[in-house]
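[1] Structure, please.
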Amino acid sequence: AFRSDLGVPTYFGSNAWVISPEKSASGRAILYGGPMMGFRTPSICNEIHIVAPGLNAGGMSFPGLPGIMIGFNENIAWTTTSGVGDLVDVFVLTLNDEGQYLYKDEWHDFIKIDMSIPVRGEETESYTVYRSLHGPLVGKPNLKKKRAYTLRFSFWKQEWRTIDALMNFNLARNLKEFEAAIPNIVTSHNFFVADKEGNIGFWYCGLHPKRQKAHDPRFPQPGDGSMDWEGILPPSEWPQEVNPERGFFANWNNKPAREWNPTGFGKVFWGKKIIDDLEGKEKLTFDEFEAIAYRTAYHDFLADYFKKYLLEATEGVEDEQIQEVVRLLNEWDHMDREGDPRPEIMERWVETIARKIFSKDIPGIFLRSKDVYKVLVSPLLYIFEGKEPSVRLKSDFLQGRNLKELSLEALREVLKPGLEKLAWKAPMMNFGKKIGKIPSKKGRGTYQMTAELLPEGPRVRTLAAPGQSEKSSSPHYSDQAEMFRDWKYKPFLW
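    Residues are numbered from 1 along each chain as shown. Down below sits the predicted model:
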């Protein structure tokens, strides 16, 4: 709430997909970008078109950022999603009585930086930042416990390189020139590109630390030098691919490659519908390709993984209400629709059965967290998979309990209010007092762009809701709000 009150974005995540000419009905590469940063008025981003000697580019930018971050020019189109890479570590420092910290058998003084922040209508706020050789401290040194925590950022003082790369993307004339700028992306981002010649490419970017084998990045590590990084992974070893045989790339902040090992990922994937749609047709038209954004936003991915286990739990049960649920689920296409009880039944049942199974090992306060719940759905799936799970869990979470009985018990709990009380309602995106709330799921881009690279120039449709202007008196303050509600797009004038 604090961040929201300050106008700071509180929601991050993005999706993207690209197809090669072989999968395109027009025989031309097509790219979609949907960066997700939440919705507010005015928007965090704006849509611009830059024309200068040697530069003709359009797309999405941020106020104060030079050039286009997600967009296109006469020859290429590109987009990005958050890579969710772990580029920051916490190190714990040992202090002496003088407040120095130990590093490689020597005691070091903290660097003290006095800072001040002018506050309108109030006195200036002053504070001191402490830095170690690793980076800034989290809070002040604890002299009583002789301990301090410090952060190390792999990209510290190199952030400018990402901006430099973005500017070169704006000027790139083909995939090769785009690729040449990729090593300068120091932050964790997936980048995708399509060019006029029909090439498509993907790179998982960022200055990824090469950690010691004993280093578990989930926990603070000794900051005495014994667990220092062994270097930075070179760009040649980043996950990347150009012109894949499958003819497409798809991403919704998922892990970049099977062998990549970040924490927090499992088999249950919220962007499964993107891949299903891309694989489901031999060739896609521009409209079909663009419509994946709506279908994946309103697709109930949990049903893809868990519906069959819920149905198995109801086998042989003659309860009239449960039999009605079975009928509804068997007829369901896994899309969320206003007034339909099935999405609500599925989500509540998965949450309830997860709570029943994991509550003996995980405190209830954590089980109520949506972030924890998102991590638990994959282990939950592995439990349902039985004797041959995709991943074998180290703990026996069932502890002798009958999974089918627990599943049926969870379903009965969900159905207690009655089916009529379980009607699904679309979330409301709040665009402020003047525009009001608009029904929509969060799983869509703050900016949305579909670009097809044609011989005569790019064909592009976009949406930048609610509008371009920050002035409430302007007709462009909210002229894209209706399109946002109806999932419609406007042609980018080129």
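[2] List the residues that contact the closest residue to residue 230 other than its chain neighbours.
    The shortest distance from residue 230 to any residue other than its chain neighbours is 4.5 Å, reached at residue 210 (Cβ to Cβ, 6 or more residues apart in numbering). For the C-beta atoms, the positions are set from N, CA and C on the backbone; glycine is no exception. Listed by Cβ atoms under 8 Å, 6 or more residues apart in numbering, the contact partners of residue 210 are 229, 230, 231, 232, 233.
[3] Just the buried subset of these, written out for PyMOL, thanks.
    Buried residues within the contacts of residue 210, by 16 or more other Cβ atoms under 10 Å, are selected in PyMOL with:
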select buried, resi 229
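[4] Residue 353 against residue 407, yeah?
    Yes: contact criterion Cβ atoms under 8 Å: residue 353 and residue 407 qualify, at 5.7 Å.
[5] Which one of the two is surrounded by more residues?
    residue 353 (26 against 23; other Cβ atoms under 10 Å).
[6] which element is the more buried one on?
    helix 341-358 (DSSP states H and E).
[7] starting at the chain centroid, how far to that helix?
    Taking the mean of its C-alpha atoms, helix 341-358 sits 23 Å from the chain's own mean (Cα atoms, centre = their mean, to the nearest Å).
[8] Check stretch 452-464 too.
    Taking Cα atoms, centre = their mean, the mean C-alpha location of stretch 452-464 is offset from the chain mean by 25 Å.
[9] ends of it, how far apart?
    18 Å (Cα to Cα, to the nearest Å).
[10] where does the stretch 251-400 of the chain dip in pLDDT?
    Confidence mapping of the stretch 251-400 of the chain against pLDDT under 70 gives the ranges 262-264.
[11] So which residues of it form helices?
    With DSSP state H, counting those that start in this stretch as the criterion, the stretch 251-400 of the chain has helices at 272-280, 286-297, 301-313, 320-330, 341-358, 364-367, 370-384.
[12] Which of the ones you listed sits closest to residue 438?
    helix 286-297 (13.6 Å; Cβ to Cβ).
[13] Hey, what's the angle from that closest one to helix 272-280? Just curious.
    Angle of helix 286-297 versus helix 272-280, following axes from the mean of the first three to the mean of the last three Cα atoms, to 10 degrees, is 150 degrees.
[14] buried residues in helix 286-297?
    Result for helix 286-297 [16+ other Cβ under 10 Å]: buried residues 286, 289, 290, 292, 293, 296, 297.
[15] I'd like to know which of the residues you listed is nearest to residue 389.
    Out of the buried residues of helix 286-297, the member with the shortest distance to residue 389 (by Cβ to Cβ) is residue 296, at 26.2 Å.
[16] I figured the closest one was touching residue 278, is that so?
    No: using Cβ under 8 Å as the test, residue 296 is too far from residue 278 to be in contact (10.4 Å).
[17] Tell me which helix or strand residue 192 sits in.
    strand 189-195.
[18] could you dump whatever helix or strand comes next after that strand to CSV, C-alpha only?
    Moving toward the C-terminus from strand 189-195, the next helix or strand (DSSP H and E) is strand 200-205. What follows is strand 200-205, C-alpha atoms only, in CSV (Å, rounded to 0.1, in the frame of the first residue of the first chain):
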residue,chain,number,x,y,z
ILE,A,200,13.9,-14.4,-34.8
GLY,A,201,16.1,-14.5,-31.7
PHE,A,202,16.1,-14.8,-27.9
TRP,A,203,18.7,-13.9,-25.2
TYR,A,204,18.6,-14.3,-21.5
CYS,A,205,20.7,-11.3,-20.4
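[19] got the buried residues for strand 200-205?
    200, 201, 202, 203, 204, 205.
[20] Could you please name the strands whichever helix or strand comes after it pairs with and the direction of each pair?
    With elements assigned by DSSP H and E, the helix or strand that comes after strand 200-205 is strand 221-222. According to DSSP bridges, strand 221-222 forms sheet pairs with strand 88-94 (parallel).
[21] which helices and strands does the following helix or strand past the partner strand pack with?
    Next helix or strand after strand 88-94 toward the C-terminus (DSSP H and E): strand 101-103. Here strand 101-103 touches strand 88-94, strand 106-108, going by 3 or more Cβ pairs under 8 Å, 6 or more residues apart in numbering; DSSP states H and E.
[22] Which neighbouring elements make contact with the shortest one?
    Spelled out, it's strand 106-108. When contacts are defined as 3+ Cβ pairs under 8 Å, 6+ apart, strand 106-108 packs onto strand 101-103.
[23] buried ones in the strand it packs on?
    Within strand 101-103, the residues that count as buried by 16+ other Cβ under 10 Å are 101, 102, 103.
[24] Please convert the residues you listed to a markdown table, extending it with pLDDT.
    Output for the buried residues of strand 101-103, formatted as a markdown table (pLDDT from 0 to 100):
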| residue | pLDDT |
| --- | --- |
| 101 | 97 |
| 102 | 98 |
| 103 | 98 |
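[25] Going by distance to residue 348, which of these wins?
    Once Cβ to Cβ is applied, the member of those that ends up nearest residue 348 is residue 101, at 49.6 Å.
[26] May I have the beta-bridge partners of that closest one?
    residue 95, residue 108.
[27] From what I see, it and residue 223 are in contact.
    Yes: contact criterion Cβ under 8 Å: residue 101 and residue 223 qualify, at 7.1 Å.
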